[in-house]
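**Q** Quick check, what structure comes out for this input:
(chains A and B)
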Number of protein chains: 2
Amino acid sequence: MLGLDPDPDALWPVAGESSDLARAVQAHCRALIDAAGPACVAVKPQLACFERLGVPGRAVLAAVAEHAREAELLVIADGKRGDVDVTARAYAQSLFGGVETPFGELVGLEADLVTVNPLMGADAVAPFVLAARERGAGVLALVRTSNPGAAQIMDAELAEGGAVWERLARIVRELGREGIGESGLSDVGAVIGATAPDHLSRARELMPHAVFLLPGVGAQGGRVEDLQAAFAPGRAGGLVSASRSIVGAYLKVGGDPAQAARAEAERLRATAWNLGGR
Amino acid sequence: MLGLDPDPDALWPVAGESSDLARAVQAHCRALIDAAGPACVAVKPQLACFERLGVPGRAVLAAVAEHAREAELLVIADGKRGDVDVTARAYAQSLFGGVETPFGELVGLEADLVTVNPLMGADAVAPFVLAARERGAGVLALVRTSNPGAAQIMDAELAEGGAVWERLARIVRELGREGIGESGLSDVGAVIGATAPDHLSRARELMPHAVFLLPGVGAQGGRVEDLQAAFAPGRAGGLVSASRSIVGAYLKVGGDPAQAARAEAERLRATAWNLGGR
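**A** The predicted model follows:
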């Protein structure tokens, strides 16, 4: 799965043709989708990188999402939102299907999946799940992330036994219970850093029906080969996310950015498919 | 402090003059700031409600923030963001002072304070603190929120003793240690729900220099009278946040929305000032 985290200092040369940053970011993301998309099932735009563009940010994000959909890719809006119920509903309206208002319809981003932050508890996540379920979309909640500081809170041991992240995993399982489809996968999944592979078997035990989004492969040090447990329910059980390792592949191997990105995306896909069994 | 959570179904009549939602939201927020602002020290735009507007959302948010600054109010961007370092930096650039790029300067929102989510650990919050400190702004991290589900994770008891929220409080204290100003207040504060007043004394013990943002007064059931411990370092130690109780005051007392909002904001201020001592 292709992470879209456009960095104004590292856009592909194709983007250099425009002197306008918003247009350059859009051209960069389109070229990246065209190059690596065929080896991916989804794109994951990092909302921060589009919000940083300021006023034109949302239009660029919407155009990039539309381009991904035309390439038959799922769109995973990575914003890690979480807030009290009325606010969570507003975020869900923004990222999924919009909302009717006395002034006409507000159009949402039409994301297929969104990432959410469950620190505030199940009631901060439930409005996203309800909005997703209405339209056949899904939610991915942070359970154990890939950054070094993740251990501080998520690995803290609880008095009742187990770690905080295991309690987060139970929230994921509970919220997803009524959303298990014919595939055996639920519409509530989990974000589990690929840099913490030792947590994966336990996570799969706690969340047998969850799709696992596995960020941190490549630039952050995670290796696809270590992620076997994620794919226990089959290929679709794990979504391996890579961004900087794909977009910057040409810096290592030289040559055309698009060709290098496609080769790296195909390599990651082949490795993940081999783990996935069926 | 005035929460700005514009609901398309509950805009003030002044907003009805426009048939365009984005303009109506902007007019509503301006009128609300003009009415209640003089009794407040800050506005707290809820980013979700502006993002929901789609493409024009960021421009409306920027215009509302600018109007608040002209009224000499602080701007607290309430987005509860938190992510790995490179992404946290992008959010900080978006909400604070922007960033230089090869395409020219990206303009940030110029917020005075931003709310952040520390689930991912100190390294997901530190980039916000660094960006804030560079410009004399500040960060407010979620420690114990005001929603019913807050107890699920934040109140969980740790094996080492204490609750998860107390570990979050320690992150706030550590990150804020080098940002304590002459007032005795740090540039890293905490969000503590006004609906959990029994946590406040302990929170003040753990975070003696933190500004406490206290949401949940009014519509969510919290009472200013219960918040005395927050104001232990003086008036500026606590920021009482109210939104729906101010914007919707006229629905209870009748009459002009602006007059009712100002009266309710003044009532809340007087109550908080009485608690604040000096």
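**Q** now the strands for chain A?
**A** Per DSSP state E, chain A carries strands over the ranges A:2-4, A:42-45, A:74-81, A:99-101, A:104-106, A:113-116, A:138-144, A:188-192, A:212-214, A:238-240.
**Q** Please state the offset of the fifth one from the chain centre?
**A** The chain centre lies 27 Å from the centre of strand A:104-106; the measure is Cα atoms, centre = their mean, to the nearest Å.
**Q** Buried residues, it. List them.
**A** A:Leu106 (16 or more other Cβ atoms under 10 Å in any protein chain shown). (Glycine included, C-beta is placed from N, CA and C.)
**Q** before we move on, what about the last one?
**A** Judged by neighbour count (16+ other Cβ under 10 Å), strand A:238-240 contains these buried residues: A:Gly238, A:Leu239, A:Val240.
**Q** per-residue pLDDT, the nearest residue to A:Asp226 once chain neighbours are set aside?
**A** In this structure, A:Asp226 finds its nearest non-sequential neighbour in A:Pro197, 3.8 Å apart by Cβ to Cβ, 6 or more residues apart in numbering or on different chains. Per-residue confidence (pLDDT) for A:Pro197: 77.
**Q** isn't A:Pro197 right next to A:Gly221, touching?
**A** No - using Cβ atoms under 8 Å as the test, A:Pro197 is too far from A:Gly221 to be in contact (10.8 Å).
**Q** what about those two, which has more around it?
**A** Neighbour count, other Cβ atoms under 10 Å in any protein chain shown: between A:Pro197 and A:Gly221, A:Pro197 has more, with 19 against 11.
**Q** quick one: low-confidence ranges for chain A?
**A** A:15-17, A:218-219, A:276-278 (pLDDT under 70).
**Q** Tell me where the longest helix sits in it.
**A** helix A:257-276 (DSSP state H).
**Q** which other residues reach that helix?
**A** Outside helix A:257-276, the residues that touch it by Cβ atoms under 8 Å, 6 or more residues apart in numbering or on different chains are A:2, A:12-14, A:31-32, A:34-36, A:38-40, A:217-218, A:224-225, A:227-228, A:231, A:234-235, A:237-238, A:240, A:242, A:245-247, A:249-250, A:252-254.
**Q** who's sitting farthest from the centroid in chain A?
**A** A:Pro102 (32.9 Å; Cα atoms, centre = their mean).
**Q** To chain B, which of the strands of chain A lies closest?
**A** Taking Cβ to the nearest Cβ, strand A:99-101 is the member of the strands of chain A nearest to chain B, at 3.7 Å.
**Q** Any part of the closest one near chain B?
**A** Yes - using Cβ under 8 Å from any Cβ of the partner chain, we find that strand A:99-101 touches chain B at A:Val99, A:Thr101.
**Q** same deal with stretch A:46-53?
**A** Yes - applying Cβ under 8 Å from any Cβ, one finds stretch A:46-53 touching chain B at A:Gln46, A:Ala48, A:Cys49, A:Glu51, A:Arg52, A:Leu53.
**Q** burial measure for the closest residue to the last one other than its chain neighbours, as a count.
**A** Using Cβ to Cβ, 6+ apart and skipping the chain neighbours, the partner closest in space to A:Leu53 is A:Ala22 (5.3 Å). The number of residues packed around A:Ala22, counting by other Cβ under 10 Å, is 19.
**Q** surely A:Ala22 meets A:Gly57?
**A** Yes - applying Cβ under 8 Å as the test, A:Ala22 and A:Gly57 come out as touching, 7.5 Å apart.
**Q** Could I get the full set of helices for the stretch 151-278 of chain A?
**A** A:164-176, A:200-206, A:244-247, A:249-253, A:257-276 (DSSP state H, counting those that start in this stretch).
**Q** got a list of contacts for the first one?
**A** By Cβ under 8 Å, 6+ apart, the list of residues contacting helix A:164-176 from outside reads A:118, A:121-122, A:125-126, A:129, A:139, A:141-144, A:153-156, A:158, A:186-190, A:199, A:202-203, A:206-207, A:209-210, B:152-153, B:156, B:164.
**Q** Out of the residues you listed, which end up buried?
**A** A:118, A:121-122, A:125-126, A:129, A:139, A:141-144, A:153-154, A:156, A:158, A:186-190, A:199, A:202-203, A:206-207, A:209-210, B:152-153, B:156, B:164.
**Q** Give me the nearest residue to A:Glu134, chain neighbours excluded.
**A** Nearest non-adjacent residue to A:Glu134, counting by Cβ to Cβ, 6+ apart: A:Gly97, 7.4 Å away.
**Q** Wait, the one you found touches A:Ala132, no?
**A** No - using Cβ under 8 Å, A:Gly97 is not in contact with A:Ala132, being 9.4 Å away.
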